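Peer 1: Sequence and predicted structure are below.
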Amino acid sequence: MLSRRRLLQASAAAVPALALGARPAQARSAEVLTTGVVPSSMAGFDQAMKTFITERDISCAQLAVAKNGKILLARGYGFYSRSGILARVQPTSLFRIASLSKNITGAAIARLAQDGKLSLGAKVTSLLGLSATADPRLANVTVWRLLQHTAGWDRSVTRDPLWDDHTIAASLGVPLPIDHADIMKYVTARRLDFDPGSKFAYSNYGYMLLGRIIEKVSGMSYESYVRQTLLAPVGITRMRLGRSLRAEAFSTEVPYASKYTNKSVVDQSGTVVPYPYGGFNMPNQDANGGWLASAVDMVKWGFVFDKAGTVLNSTSISRVFAKPETGVTAGGSWYGFGWNVRTNNVGGLNTWHNGGMPGTFSFLARVQNGVSYCAIFNRREEEGTPDFDSIDPILGRAIGTVKTWPTTDLTPRYF
């Protein structure tokens, strides 16, 4: 931790706004406060990030870049306040990563199948004891279809139940906060939006169900299974599930910024709260969007999919990236187990995913020639804010600025 005076001196007294709801700056020339390591040959990545976060008035951000299993760049941007003390964002600070959590859940399911504990063709009604009375088509929802978003729920048709706490609580006559069982009871009593297997439609609810399957089959909590079986074997120890309220934040977790508010979903008070802090229920998001991680954690996690190892064997990795029964886009991409996938120019696969919730935007990509990168921010695109998805092509272009890739592996420094 740094004193306020020293930190403000270091940042020339002109740093990104810390307040919730800060509006984007139209023109800022202030130097962004940074930590971590950027080799000179990779300065293009660093400059691209500084420009991106300045244009969007982002107060906390991270970037990590790797090549061929080595972390080469690890950077924290900005600072935050906790209990009156200002702290720099470190390369290891924790951020909510939202839907980047889905490839973690997908890998957990693949591992259970690898260990002979689960069939990917198993039906969700049998696994979780769900009734198909309201819609017999529910009996055709398999684990594969949950993983590849072809199970029958479409949030463009009916509201996403992971973000509809007040409606569900009122419908069931239960108090807030609701839990997974409440959400499942509410959704199971309603008809599907389309025939399972007939189309692709992104579904947070489908991944929430996968979390419940992991618990049922493993006999462990979702978080414990992932941390013990997937993360610990590859030396990732910081990652954990997030909590709803700012008072519950972990000591190295950044704050989240949004101009939007919502009625609290964590109690019955009806209080209007900052959207990132009680405006949605983090524990319910677990398997579809609940993890906390750093950018270096996520690029290291990506190494699991590069080759068979202690977590996934070659069969499991091929399943993770397999084409679904439907849903290949006109551009040739498809959805795997928590990854968007496309064949690249060198005969391999590019895989990527973004994540967003109030106060968070994240992006992780694994592209040709062994390059991967992850960027995370403590706000997302809101009205009047430039597009956040543009970080993908921005970092993609930064690859072309590297004439000589460094060889020093930073992984031991940050694990």
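Peer 2: Happy to help now that I have it.
Peer 1: contacting residues around the residue nearest to S156 when sequence neighbours are not counted?
Peer 2: Of all residues beyond its chain neighbours, the one nearest S156 is A201 (7.1 Å), with distances taken as CB to CB, 6 or more residues apart in numbering. Where C-beta positions appear, they are placed from N, C-alpha and C, glycine not excepted. Contacts of A201 were listed using CB atoms under 8 Å, 6 or more residues apart in numbering, and they are 149-150, 153-157, 193-194.
Peer 1: Among those residues, which one lies nearest to G336?
Peer 2: Within those, proximity to G336 (CB to CB) peaks at H149, which comes in at 10.1 Å.
Peer 1: Which residues does stretch 44-51 contact?
Peer 2: Residues lying outside stretch 44-51 but in contact with it, judged by CB under 8 Å, 6+ apart, are 32, 34, 38, 61, 63, 65, 73, 75, 77, 373, 375, 394-395, 397-398, 401-402.
Peer 1: actually stretch 207-225, not the one I typed
Peer 2: Residues lying outside stretch 207-225 but in contact with it, judged by CB under 8 Å, 6+ apart, are 101-102, 105-106, 108-109, 112, 117-118, 124, 127-128, 143, 146-147, 162, 180, 183-184, 226, 228-229, 240-241, 284-289, 338.
Peer 1: What of stretch 108-125?
Peer 2: Under the contact criterion CB under 8 Å, 6+ apart, stretch 108-125 has outside partners 130-132, 138-144, 146-147, 151, 209-210, 213-214, 217-218, 222, 225-226, 229-230, 311-313, 315-317, 319-320, 337.
Peer 1: could you dump stretch 398-409 to CSV, C-alpha only?
Peer 2: What follows is the C-alpha trace of stretch 398-409 in CSV, where atoms were taken according to Å, rounded to 0.1, in the frame of the first residue of the first chain:
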residue,chain,number,x,y,z
ALA,A,398,-0.3,-5.3,-31.1
ILE,A,399,1.1,-8.8,-31.9
GLY,A,400,2.3,-7.4,-35.2
THR,A,401,4.4,-4.7,-33.5
VAL,A,402,6.6,-7.4,-31.8
LYS,A,403,9.7,-7.9,-34.0
THR,A,404,11.5,-10.1,-31.5
TRP,A,405,9.7,-12.1,-28.8
PRO,A,406,11.5,-12.1,-25.4
THR,A,407,12.5,-15.4,-23.9
THR,A,408,12.3,-14.6,-20.2
ASP,A,409,9.4,-16.5,-18.6
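Peer 1: follow-up on the earlier one: give the buried subset of the contacts of stretch 207-225 as a PyMOL selection command.
Peer 2: Selecting just the buried residues from the contacts of stretch 207-225 in PyMOL takes one command, with 16 or more other CB atoms under 10 Å as the test:
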select buried, resi 101+102+105+106+108+109+112+118+124+127+143+146+147+162+180+183+184+226+229+240+241+284+285+286+287+288+289+338
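Peer 1: Mind checking which of the contacts of stretch 207-225 are in strands?
Peer 2: Within those, residues falling in strands by DSSP state E are 240-241.
Peer 1: what about burial for the contacts of stretch 108-125, which qualify?
Peer 2: In these, burial by neighbour count holds for 130, 132, 138, 140-144, 146-147, 151, 209-210, 213-214, 217-218, 222, 225-226, 229-230, 311-312, 316-317, 319-320, 337, counting by 16+ other CB under 10 Å.
Peer 1: Return the subset of these lying in helices.
Peer 2: Helix and strand membership here follows DSSP state H; of these, those in helices are 143-144, 146-147, 209-210, 213-214, 217-218, 222, 225, 316-317, 319-320.
Peer 1: Tell me, please, the helix or strand in the protein that averages the lowest pLDDT.
Peer 2: Among the helices and strands of the chain, helix 4-10 carries the lowest confidence by mean pLDDT, DSSP states H and E, at a mean of 36.
Peer 1: Give the next helix or strand downstream of it.
Peer 2: strand 34-37 (DSSP states H and E).
Peer 1: which residues are contacting that next one?
Peer 2: With contacts defined as CB under 8 Å, 6+ apart, strand 34-37 is touched by 46, 50, 73-77, 88-91, 410, 413.
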